[in-house]
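K.L.:
Next one to model:
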Amino acid sequence: MRRSAANIARLGIKELRSLWHDKALLVFVIWVFTGGVYVAATAAAMDINKAPIAIVDHDRSPLSDRIRTAFYPPYFLAPVPIDQTQVDQAMDTGRFTFVLEIPAGFERDLLADKQPSIQLNVDATRMTQAFIGTSYIRNILNGEINSFVQGYRVETRLPIALTLRYEFNPNLEGKWFGGAMEIINGVNLLAIILAGAAIVREREHGTLEHLLVMPLTPFEIMSAKVWSNGLVIVLAAWFSIEIVVRGMLGVPISGSVPLFLLGATLYLFSASSIGIFLGTVARSMPQLGLLMILVILPLQLLSGAVTPRESMPELVSDIMLTAPTTHFVTLAQGILYRGAGLDVVWPQFLVITAIGIVFFMLALARFRKSITLTSV
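P.N.:
Got it, this is the predicted structure:
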């Protein structure tokens with residue numbers, strides 16, 4: 001046991017040195033946990049920001065002026081008044097995301113209880129702004145119109161009062177979600193890539209044959225690749241949380257970072273096994289890259305990282321329960337977003353450990369077979 005542990009430690013140090021000399025892969029790791037996290041949190045914001053809007057005002061009444069002045073930064077740019085004849089061209093060229101058309105006599109008909117309509121034209125090719133901005137505009141219009149009407153009529157109180165409380169993200173800031181989620185995606189991405197690239201690199205550089213003539217077992221070789229690459233990812237994730245997410249983005253992390261890193265370590269056990277399995281199948285880095293696309297994209301898209309699993313077809317949701325990524329996303333979101341403790345996420349810890357053992361044994365069997373074929 002002592003000799004096996006020493007072999008695993010030495011081989012792991014060799015893997016760390018190989019990664020250090022692979023500058024392209026090293027730069028990729030640094031980018032994923034620094035620039036990639038920052039860009040995902042800021043550039044791809046999930047809230048509306050500086051949306052261009054135009055208003056066609058046929059009414060030209062105090063109410064229409066009040067509606068026009070209700071749109072202001074940072075959610076919307078200052079509304080641009082345009083004519084009816086300019087609407088089609090403005091929408092076709094993508095100049096505006098929203099064009100609000102207020103009909104003539106709108107204020108008069110409103111006060112006369114005729115329930116007039118306002119037309120909102122939306123450029124739905126801008127998915128985020130179109131979906132979220134429509135809700136913003138509806139709320140702004142309802143608020144301004146109700147406030148205006150109450151100045152002319154007796155206020156009617158509803159029998160109930162609706163009080164909204166937003167848990168875990170009270171200001172609804174997209175970067176709170178985007179930054180931490182990108183770290184989760186980065187752990188998933190690099191755990192598979194680094195382990196798979198380590199196997200392919202051994203084969204391309206001819207060092208796999210050197211390992212075969214040494215008194216080493218496939219278990220020792222594979223374990224060394226798992227712990228060394230896992231160490232790099234865990235340290236990079238910790239650095240990203242403390243420096244990028246907390247420091248540069250100013251996002252508060254509710255839960256325990258060490259608990260999250262412990263969960264990431266358990267997940268790396270199974271994710272690295274997937275990478276090693278793919279590395280034994282691929283014969284070159286381009287082949288490995290194609291296999292990564294076929295594996296990583298479904299894991300990230302269907303694990304609940306992008307959309308809730310409840311929104312997926314039931315068959316897909318059930319199948320993804322066999323993937324470690326699904327349970328890792330659940331525990332990571334629970335810890336980082338909601339401040340969950342071990343008493344809440346322990347089922348995910350157990351499931352990830354069990355799946356990791358199965359994946360490790362499958363990868364080890366495939367790795368042992370590939371070594372046998374190589375030696376022959």
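
K.L.:
what's downstream of the strand or helix carrying residue 262, the next helix or strand?
P.N.:
Element membership for residue 262 (DSSP states H and E) is helix 257-281. Sequence order places helix 285-301 as the next helix or strand after helix 257-281, per DSSP H and E.

K.L.:
Now do the helix or strand following that next one: everything it contacts.
P.N.:
Next along the chain after helix 285-301, taking DSSP H and E as the criterion, comes helix 314-319. With contact meaning Cβ atoms under 8 Å, 6 or more residues apart in numbering, helix 314-319 is reached by 302, 309, 310. Any C-beta I mention is one placed from the backbone N, CA and C, and that applies to glycine too.

K.L.:
Tabulate these (CSV), appending distance to residue 256.
P.N.:
Rendered in CSV, the data for those read as follows (distance: Cβ to Cβ, whole Å):
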residue, distance to residue 256
302, 27
309, 24
310, 26
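
K.L.:
For those residues, which single residue is the most surrounded?
P.N.:
residue 302 (20 neighbours; other Cβ atoms under 10 Å).

K.L.:
check contacts around that one.
P.N.:
309, 312, 316, 320, 323, 326.

K.L.:
and if we set it to 7 Å?
P.N.:
312, 316, 320 (Cβ atoms under 7 Å, 6 or more residues apart in numbering).

K.L.:
can you check residue 336 too?
P.N.:
Contacts of residue 336 (Cβ under 7 Å, 6+ apart): 180, 253, 255, 260.

K.L.:
List buried residues within the residues you listed.
P.N.:
180, 253, 255, 260 (16 or more other Cβ atoms under 10 Å).

K.L.:
from those, which two are the most distant?
P.N.:
Greatest spacing in these, by Cβ to Cβ: 180 and 255 (10.1 Å).

K.L.:
sorry, back to before: same list, the contacts of residue 336, but as CSV with secondary structure, pLDDT and distance to residue 218 please.
P.N.:
Listed next are the contacts of residue 336 as CSV, based on DSSP: H, G, I helix; E, B strand; the rest coil; pLDDT from 0 to 100; distance: Cβ to Cβ, whole Å:
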residue, secondary structure, pLDDT, distance to residue 218
180, helix, 80, 36
253, coil, 83, 39
255, coil, 83, 37
260, helix, 91, 31
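
K.L.:
Now do the residue nearest to residue 260 when sequence neighbours are not counted: how many residues are near it, please.
P.N.:
The spatially closest residue to residue 260, leaving aside those adjacent along the chain, is residue 335, at 4.6 Å (Cβ to Cβ, 6 or more residues apart in numbering). Around residue 335 sit 28 other residues, with neighbours defined as other Cβ under 10 Å.

K.L.:
quick one, what contacts residue 335?
P.N.:
With the criterion set at Cβ under 7 Å, 6+ apart, residue 335 makes contact with 255, 256, 259, 260, 263, 345.

K.L.:
So it versus residue 180, what's the distance?
P.N.:
According to Cβ to Cβ, to the nearest Å, residue 335 stands 10 Å off from residue 180.

K.L.:
again with residue 356
P.N.:
Noted for residue 356: a distance of 23 Å to residue 180, by Cβ to Cβ.

K.L.:
Equivalent analysis for residue 89, please.
P.N.:
Residue 89 is 42 Å from residue 180, by Cβ to Cβ.

K.L.:
Same check on residue 124?
P.N.:
Distance from residue 124 to residue 180, by Cβ to Cβ: 29 Å.

K.L.:
in the stretch 101-250 of the chain, which segments are predicted with low confidence?
P.N.:
For the stretch 101-250 of the chain, the stretches with pLDDT under 70 are 152-162, 170-172, 174, 208-209, 211-213.

K.L.:
Can you show me the strands along it?
P.N.:
119-122 (DSSP state E, counting those that start in this stretch).

K.L.:
Can you show me the helices along it?
P.N.:
106-111, 127-150, 174-205, 207-212, 218-239 (DSSP state H, counting those that start in this stretch).

K.L.:
what's the closest of the ones you listed to residue 33?
P.N.:
Closest among those, using Cβ to Cβ: helix 218-239, at 4.3 Å.

K.L.:
Make sure residue 75 is actually in contact with residue 136.
P.N.:
Yes - Residue 75 lies in contact with residue 136 (Cβ atoms under 7 Å); the separation is 6.1 Å.

K.L.:
what residues are shared contacts of the two?
P.N.:
Joint contacts of residue 75 and residue 136 (Cβ under 7 Å, 6+ apart) are residue 48.

K.L.:
quick one: the residue in the chain sticking out farthest from the centre from residue 100, how far?
P.N.:
What lies farthest from the middle of the chain is residue 112; by Cα atoms, centre = their mean that is 49.2 Å. Note on residue 112: its distance to residue 100, by Cβ to Cβ, is 22 Å.

K.L.:
centroid residue for the protein?
P.N.:
Centre-most residue of the chain, counting by Cα atoms, centre = their mean: residue 181, 4.1 Å.
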